[in-house]
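Q: model this:
(one chain, ligands or ions: 1)
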Amino acid sequence: MTASPRAPATARKADQFGGPIGAAILTVVMPTVTFYLWAAVAHHGGGLWLPRSVGELAAMVPAPTIAASALFCGWLAFQAVLYVWGPGKTIQGWPTEHGERAEYRINGLLSFAITMAVLVIGIATGVISPRAVLAQWGPLLTIATIFAIVAAGVCYVAGRRRGALERSTGHPVYDFYLGTILNPRLGRHDLKFFFESRIGMGTWGAFAVLLPAAELEATGTISTAMAVVSLCQLFYIADFFVFESTLLSMIDIIEENCGFMLWFAFLVWMPFNFTLQQQYIAAARPELPFVAAVAIVGLHIAGYYVFRTANLQKQGFRRDPTKPVWGKPPVTMDTERGTKLLLSGWWGLARHANYLGDLCMAYAWCLACGFGSIVPYFYALYFTPLLLDRERRDNAMCQRKYGKDWDRYCERVRYRIIPYVY
Ligand code: NDP
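A: All right, here's what the predicted structure looks like:
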């Protein structure tokens with residue numbers, strides 16, 4: 001079995017994210033925002049803050065500790081062992097432009113289940129102290145950031161030293177940020193896939209367990225808000241691992257180079273920033289009334305339903321274009337490119353209703369934190385423009401791929417993300 005085919009890479013231009021200047025700004029802004037938000041929950045009760053002294057600014061970046069280094073290395077090794085030797089099938093990747101093929105171990109669900117079991121049993125038996133792990137949160141953040149910078153630097157140099165440089169632009173800052181290698185490998189294994197799935201999503205899952213466990217250890221109870229956010233997120237992460245192989249056909253794996261942007265996203269942005277809600281709840285302890293909790297879980301379930309059924313409709317359609325959608329034969333559109341477009345189900349109501357589902361879940365997790373601070377809303381506030389932009393980029397890509405056929409499709413499916421609204 002192989003991963004999805006990929007269009008051959010074209011010559012790279014420094015035209016994304018505002019070019020070299022935009023890339024330079026983002027290289028500084030992404031870590032700065034992350035450390036600032038960590039300091040907001042760790043030192044300022046979860047509120048926005050203004051640095052009043054050099055000391056306060058310096059305290060934003062905690063020094064690494066030996067304990068945090070050991071935790072970090074142990075965690076990477078544990079996940080690598082599960083990835084390489086855990087039972088599961090192996091998929092061959094599509095050949096890259098250099099004719100290389102990486103291997104993908106599709107055993108994420110079992111690895112995640114083992115990781116969760118080890119964590120829960122470790123915590124229940126007192127072998128793992130969640131509070132002791134969370135005491136290393138700041139140093140862990142610093143170590144993960146250093147690792148991301150070093151990994152991006154090594155990949156940059158390795159990419160520049162290759163015989164063929166199709167994926168570089170020649171702008172050092174831009175190439176450092178966006179990368180010069182599509183799929184950096186260790187042996188047969190694609191590091192990008194491992195770090196996105198097992199470290200990005202996996203660490204997020206581990207933190208979603210450790211944060212409520214630390215609250216339980218400290219106060220003897222898990223607050224409603226904490227339970228709601230962590231359970232909803234764990235559900236989303238488990239679902240990701242059920243459908244882990246679909247990552248192989250997403251642009252992250254088949255199109256984006258592995259530069260600082262992705263290294264930082266997988267190692268730092270996802271695990272540390274996506275759990276800001278729980279970090280905030282631990283610091284500010286907002287009350288979540290039962291009725292609000294039910295409404296929030298309802299929003300999460302509704303969002304999940306739209307997100308998952310929309311994605312399944314398209315995947316099912318790509319495998320079998322005659323498969324019924326919502327119980328009826330699908331309405332489809334032929335294109336000159338050869339692939340059909342689906343006009344039934346969610347794909348007939350909006351061009352990216354799957355993004356709407358994702359956004360509903362994002363807002364549900366944030367609303368559980370109440371309205372005491374904007375800090376726990378970071379996930380939704382960053383995710384909304386990200387998906388709005390992603391929809392426009394995908395639209396432009398489809399316009400290039402399908403030409404006039406895409407215009408016809410857009411005439412029939414007028415809404416971008418929210419049916420009858422946008
Ligand atoms: P989509 O799964 O929406 O796929 C877009 C592609 O689908 C198009 O390029 C086109 O490719 C094909 N397509 C578009 N319209 C149709 C149609 N009518 N019929 C058949 N095929 C069509 O894109 P993403 O990879 O961006 O998103 C996947 C999921 O991941 C989404 O649910 C998204 O919300 C989620 N996501 C989550 C993120 C997170 O951080 N949590 C970040 C980004 C995404 P082609 O025709 O070539 O097949």
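
Q: ok, residue 126 to residue 119 distance?
A: 13 Å (CB to CB, to the nearest Å). For glycine as for every other residue, the C-beta is placed from the backbone atoms N, C-alpha and C.

Q: More neighbours: which of those two?
A: More neighbours surround residue 119 than the other of residue 126 and residue 119, with 18 against 8 (other CB atoms under 10 Å).

Q: what's around residue 361, how many residues?
A: 24.

Q: element containing residue 122?
A: Assigned by DSSP states H and E, residue 122 belongs to helix 108-124.

Q: Quote the end-to-end distance of stretch 340-348.
A: The straight-line separation of the ends of stretch 340-348 (CA to CA, to the nearest Å) is 13 Å.

Q: Now the helix holding residue 122 - C-alpha only, CSV.
A: Presented in CSV, the C-alpha positions along helix 108-124 are these (Å, rounded to 0.1, in the frame of the first residue of the first chain):
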residue,chain,number,x,y,z
GLY,A,108,-0.9,5.5,16.4
LEU,A,109,-4.1,4.3,18.1
LEU,A,110,-2.4,1.4,19.9
SER,A,111,0.5,3.6,20.9
PHE,A,112,-1.8,6.3,22.2
ALA,A,113,-3.8,3.7,24.1
ILE,A,114,-0.6,2.2,25.7
THR,A,115,0.6,5.8,26.5
MET,A,116,-2.7,6.6,28.2
ALA,A,117,-2.7,3.4,30.1
VAL,A,118,0.8,3.9,31.4
LEU,A,119,0.0,7.5,32.4
VAL,A,120,-3.3,6.6,34.2
ILE,A,121,-1.8,3.5,36.0
GLY,A,122,1.4,5.5,36.9
ILE,A,123,-0.7,8.3,38.4
ALA,A,124,-3.1,5.9,40.2
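
Q: which residues of the chain fall in strands?
A: Using DSSP state E, the strands of the chain run over 89-92, 103-106, 185-186, 189-190, 332-333, 341-342.

Q: Quick one, which of the ones you listed gets closest to the ligand.
A: strand 341-342 (3.6 Å; CB to the nearest ligand atom).

Q: list the contacts for the residue nearest the centre of the chain?
A: The centroid of the chain falls nearest to residue 270 when counting by CA atoms, centre = their mean (5.6 Å). Neighbouring residues of residue 270 by CB atoms under 8 Å, 6 or more residues apart in numbering: 200-201, 203-204.

Q: picking up where we left off before, now render the strands of the chain as CSV, adding mean neighbour count.
A: Formatted as CSV, the strands of the chain follow (neighbours: other CB atoms under 10 Å):
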stretch, mean neighbour count
strand 89-92, 13
strand 103-106, 21
strand 185-186, 14
strand 189-190, 22
strand 332-333, 16
strand 341-342, 23
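
Q: any chance of those in CSV, plus distance to residue 56 and mean pLDDT?
A: Shown next, in CSV, are these (distance: least, CB to CB, whole Å; pLDDT from 0 to 100):
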stretch, distance to residue 56, mean pLDDT
strand 89-92, 49, 89
strand 103-106, 45, 92
strand 185-186, 40, 89
strand 189-190, 41, 90
strand 332-333, 58, 94
strand 341-342, 54, 94
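
Q: Distance to residue 286 added to those strands, as a markdown table?
A: As requested, the strands of the chain are exported to a markdown table (distance: least, CB to CB, whole Å):
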| stretch | distance to residue 286 |
| --- | --- |
| strand 89-92 | 44 |
| strand 103-106 | 39 |
| strand 185-186 | 43 |
| strand 189-190 | 41 |
| strand 332-333 | 48 |
| strand 341-342 | 42 |
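
Q: could I get those strands as TSV with distance to the ligand?
A: Shown next, in TSV, are those (distance: least, CB to the nearest ligand atom, whole Å):
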stretch	distance to the ligand
strand 89-92	18
strand 103-106	17
strand 185-186	23
strand 189-190	17
strand 332-333	8
strand 341-342	4
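
Q: List, one by one, the residues from this protein near the ligand.
A: 250-251, 307, 311, 314, 317, 339, 341-342, 347, 352, 354-355, 358, 390, 394, 397-398, 401 (CB under 6 Å from any ligand atom).

Q: Please name every helix or strand in contact with the lowest-mean-pLDDT helix or strand in the chain.
A: Among the helical and strand segments of the chain, the one scoring lowest on mean pLDDT, DSSP states H and E is helix 251-254, with a mean of 80. With contacts taken as 3 or more CB pairs under 8 Å, 6 or more residues apart in numbering; DSSP states H and E, helix 251-254 sits against helix 191-194.

Q: same thing but at 10 Å, please
A: Using 3 or more CB pairs under 10 Å, 6 or more residues apart in numbering; DSSP states H and E, the elements in contact with helix 251-254 are helix 191-194, helix 378-402.

Q: Just the CA coordinates for that helix, please, in CSV.
A: What follows is helix 251-254, C-alpha atoms only, in CSV (Å, rounded to 0.1, in the frame of the first residue of the first chain):
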residue,chain,number,x,y,z
ILE,A,251,-0.8,19.1,2.8
ASP,A,252,1.3,19.1,6.0
ILE,A,253,2.9,15.8,4.9
ILE,A,254,2.7,16.0,1.1
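
Q: Would you mind measuring from residue 289 to residue 223?
A: Taking CB to CB as the measure, residue 289 falls 12 Å from residue 223.

Q: what sits against the nearest residue to residue 246 once chain neighbours are set aside?
A: Among residues not flanking residue 246 along the chain, residue 315 sits closest, at 6.8 Å (CB to CB, 6 or more residues apart in numbering). The neighbours of residue 315, taking CB atoms under 10 Å, 6 or more residues apart in numbering as the test, are 243, 246, 249, 323.

Q: how much space is there between residue 315 and residue 325?
A: 12 Å.

Q: What of residue 404?
A: In terms of CB to CB, residue 404 sits 25 Å off from residue 325.

Q: Now do the contacts for residue 121.
A: Residue 121 neighbours (CB under 10 Å, 6+ apart): 127-128.

Q: pLDDT wise, what is it at?
A: At residue 121, the pLDDT value in this model is 98.

Q: biggest helix in this protein, by residue count?
A: helix 290-319 (DSSP state H).
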